[in-house]
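coords below, sequence missing:
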């Protein structure tokens, strides 16, 4: 076992010497043929023939107490096998490794909270019976309106500590120029295309759960805790996950219900949440209000910067949207205030949705910077350049790597950013108003503990095993590339086995830490294999050259298969965060550039082109990394122009909990998108030198769109989405 | 009930409330077609029925006993990919893969519609239907990809349409410096 905490910024020797040319190459996904032929099996699929179907019954009101549940009528429907409503293990909401929801509770925290479950021979029967369950409640008036909910300025929940440096009021009073504006963002659904699905079965006292989940190592513990059993008795499988975006980081109540049902019936049980139910059983991103205050001199040098927000949560959950997360290390300024206040509501839980904090926080700060630049008469990029800090402006720690200035320069060059941006509302193409905008992107980088096994097989092929997931992120492929790079084989010679908690516990997919952490573990496991190969070659590991399935040392070239001598060579690796994470300030960076056309008559917005340049450390696969960034940028377009989950404040229900009414970007909303990387390997981040990618693309992207709309029309949008009605009144005369 | 799917005959005894999608996924072991919304809003369940693309979640199985049904499993296999499947792999026209079978069936059906001269919302001249990026994007907008690999999906379809060679393919300008024509009305 090669175990290493990231205490020094050093690359493992095997990677330093590697020559196979796999890592970083734009290889197509190795699991691609399965996905395009429909033979990749997701959680709900490939179930045994005797599987039973589970449908969840939700609370009919958003606040109150359950008095009684009458399932008599439901139980009478032919084909119904059992109704669960009185099991103390039932969870009121999602659980995760940090917090468990109430169990067996009679209190109602939000509409749709699971209160019962029907299990039947067929889906049609289960659905019919679910509608017949009578839930008697003692309802109370709920807190459904974020705008009116009382605000706790010093909440006890949330993982992001507040920052207060200096006297903000004083700095604002003394400054030559000040800026003070409030922005808002609506609730967002993660809305992964694969509905949350689970198949559960028991063998004696051992439970297996195949589920659409991003972090199965943690899920295993959460499921065991919920059921009151030993985690060693739980196996979680997730070979393919149809998107997650944060929504699948925890364990939903339906997972535990399926396990309870399978135990009760002695047969496998599966459940997939209907699309509209995902709005209630899966967490969403809180609506936010955000106030930005900046003080600076006439040249735009910032002396004080404050990003203060309010987000909501219900009484049963402990997450708080870390609104200013991305702003904290972004710009210089001695006086600094960053904090998030809490409004308690009786709505479904809020939680981590793609780039918690940064996705919507960078919208506010990056629109504010654009507004301030206009107020000062300085180019918006130049204002950012003048406030680029030399070290982390809040913690004073050195940056591990930070190429933000290069992202601005390279992006401006490639986009064709003019020396002087035309005044707002002055560029036309027929009836369309044309505008350009840009924004910075920043997403904090994290590395978490991860382990992996790497085995050189007697055949000369290589096997990688870890409990990572691939939620569309390219995990299968980059793990193969990493092992292939170091062991001198092409990625197609590597079998990647993931999505099974029987393999070593890894990072899972979340917080953009999956790729760097898991590849680091694979690299360290490869070091074990290299050490053994060196012994067999009678050489030091530094003397080995591994290429095209052969090892060369001391003038001798031997095929890997021969060196294996009929037995696999096992390597085990484990990487964990160390001193580097404490000594340095780490983040991925980028710059978005966008051109929009706004119809001068209707206010319709079309994004004409979008371009981004990003600093993500080592790029593990040019093709999949660029695709992930594109996805994030499209999410930016999507929340700038369309996405908004609307709460009916009379009853705590969502008005638009499906794809028909909650408008995510479709193909026609998206232009061709150019993505470029400035690649500086970040050895302080982790052993493979990669920083996070998955959440960087959305950070700042919405602001670039909104800033371009301003340049096109002269209208400042501070409350997204920028729907037609927000623009019409302010459009210049046709 | 009797069904012809991917040129194979299936017998099934199912609840009359069963959708064509659930018939395939839950009764016939054809799980390639995906259920994303069950409301005809996402397109993950797209199949070709008598050559036309439909949302199979919105159609009852019982209605399709005399139809020719093609699902993703009928287009190609891992060993022998359909050109559209191969193009999605090479252009990375997906991420999580869940919408992909629907995207591919939809793209195959869509190219046939163009071939037949069916116009779309963005077709300028109804007498001259041709394919360009705007047409591809418009015609593929019934298939949501939440991972948002849309530019790569367009690349894949454009390539396959070009291979087929029976329609004009006009890719939109892609490089950042090729600015669309702009007219400045005031300085």
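Thanks, I have it. Predicted, not measured: the structure shown is a model, and the values here were computed from it. Numbering: from 1, shown residues only, chains lettered A, B, ... in the order given.

So which residue is dead centre in chain B?
The residue lying closest to the centre of chain B (Cα atoms, centre = their mean) is residue B:106, at 1.3 Å.

So that one versus residue A:131, what's the distance?
Distance of residue B:106 to residue A:131, given as Cβ to Cβ, to the nearest Å: 32 Å. Placement of C-beta: from N, CA and C, glycine included.

circling back: any idea whether the residue nearest to the centre of chain B is helix, strand or coil?
helix (DSSP: H, G, I helix; E, B strand; the rest coil).

I'd say it and residue B:145 touch.
No - with contact defined as Cβ atoms under 8 Å, residue B:106 does not count as touching residue B:145 (10.9 Å).

What's the end-to-end length of stretch A:202-218?
20 Å (Cα to Cα, to the nearest Å).

ugh, wrong one, stretch B:94-104
End-to-end distance (Cα to Cα), stretch B:94-104: 10 Å.

before we move on, back to that, can you tell me which residues contact the residue nearest to the centre of chain B?
Contacts for residue B:106 (Cβ atoms under 8 Å, 6 or more residues apart in numbering or on different chains) come out as B:43, B:46, B:53, B:140, B:142, B:143.

ok, 10 Å please
B:43-44, B:46-48, B:53-55, B:84, B:99, B:139-143, B:153, B:157 (Cβ atoms under 10 Å, 6 or more residues apart in numbering or on different chains).

same question, residue A:645
Neighbouring residues of residue A:645 by Cβ under 10 Å, 6+ apart: A:186-189, A:191, A:279, A:284-285, A:287, A:347-348, A:654-657, A:661-662.

Without its sequence neighbours, what residue ends up closest to it?
Closest residue to residue A:645 apart from its sequence neighbours, by Cβ to Cβ, 6 or more residues apart in numbering or on different chains: residue A:187 at 3.9 Å.

count of neighbours near residue 114?
You didn't pick a chain, so chain A it is. 23 (other Cβ atoms under 10 Å in any protein chain shown).

my question was about chain B
21.

Now do it against residue A:81, distance only.
49 Å.

May I have the predicted confidence score for the closest residue to chain A within chain B?
Using Cβ to the nearest Cβ, the single residue of chain B nearest to chain A is residue B:32, 2.0 Å away. Residue B:32 carries a pLDDT value of 98.

OK, contacts around it?
For residue B:32, the contact set (Cβ under 10 Å, 6+ apart) comprises A:35-41, A:45, B:6, B:24-25, B:47, B:71-75, B:100-102, B:104-105.

Among those, name the ones in helices.
If you go by DSSP state H, these have A:35, A:36, B:72, B:73, B:74, B:75, B:100, B:101, B:102, B:104, B:105 in helices.

Including distance to residue A:375 and neighbour count, could these go into TSV?
Converted to TSV, these look like this (distance: Cβ to Cβ, whole Å; neighbours: other Cβ atoms under 10 Å in any protein chain shown):
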residue	distance to residue A:375	neighbour count
A:35	49	28
A:36	51	31
B:72	54	30
B:73	60	21
B:74	61	20
B:75	57	23
B:100	47	32
B:101	51	30
B:102	48	30
B:104	50	32
B:105	52	30
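
can you give me the strands for the stretch 401-550 of chain A?
Counting by DSSP state E, counting those that start in this stretch, one finds strands in the stretch 401-550 of chain A at the ranges A:427-429, A:432-444, A:450-456, A:462-465, A:494-497, A:545-547, A:550-553.

Just give the nearest non-adjacent residue to residue 31, would you?
Here I'm looking at chain A. Spatial nearest neighbour of residue A:31, excluding adjacent residues (Cβ to Cβ, 6+ apart): residue A:476 at 4.7 Å.

oops, chain B please
Taking Cβ to Cβ, 6+ apart, and ignoring the residues beside it in sequence, residue B:31 has residue A:45 as its nearest neighbour in space, at 3.9 Å.

circling back: got a ChimeraX select line for the buried ones in the contacts of residue B:106?
Buried subset of the contacts of residue B:106, written as a ChimeraX selection, criterion 16 or more other Cβ atoms under 10 Å in any protein chain shown:
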select /B:43,44,46,47,48,53,54,55,84,99,139,140,141,142,143,153,157
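
show me what contacts residue A:534?
Residue A:534 sits in contact with A:540, A:541, A:542, A:543, A:544, A:551, A:553, where contact means Cβ under 10 Å, 6+ apart.

Any of those residues buried? List them.
Buried among the contacts of residue A:534 by 16+ other Cβ under 10 Å: A:541, A:544, A:551, A:553.

I'd like these as CSV, with pLDDT appended.
Formatted as CSV, those follow (pLDDT from 0 to 100):
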residue, pLDDT
A:541, 95
A:544, 97
A:551, 98
A:553, 96
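
what two of those are the furthest from one another?
Farthest pair in the buried ones among the contacts of residue A:534 (Cβ to Cβ) is A:541 and A:551. Separation: 10.7 Å.

quick revisit: joint contacts of residue B:106 and residue B:145?
Joint contacts of residue B:106 and residue B:145 (Cβ under 10 Å, 6+ apart) are B:43, B:44, B:99, B:153.

what pLDDT does the spatially closest residue to the first one that is not a sequence neighbour get?
This means residue B:43. Spatially, and ignoring its direct neighbours in sequence, residue B:43 is nearest to residue B:143 (3.5 Å; Cβ to Cβ, 6+ apart). At residue B:143, the predicted lDDT confidence score is 98.

Remind me which helix or strand residue B:143 belongs to.
Residue B:143 is part of no helix or strand, with elements assigned from DSSP states H and E.

thought it was touching residue B:110?
Yes - at 9.3 Å, residue B:143 counts as touching residue B:110 under the criterion of Cβ atoms under 10 Å.

which residues do the two both contact?
Counting by Cβ under 10 Å, 6+ apart, the contacts common to residue B:143 and residue B:110 are B:46, B:53, B:103.
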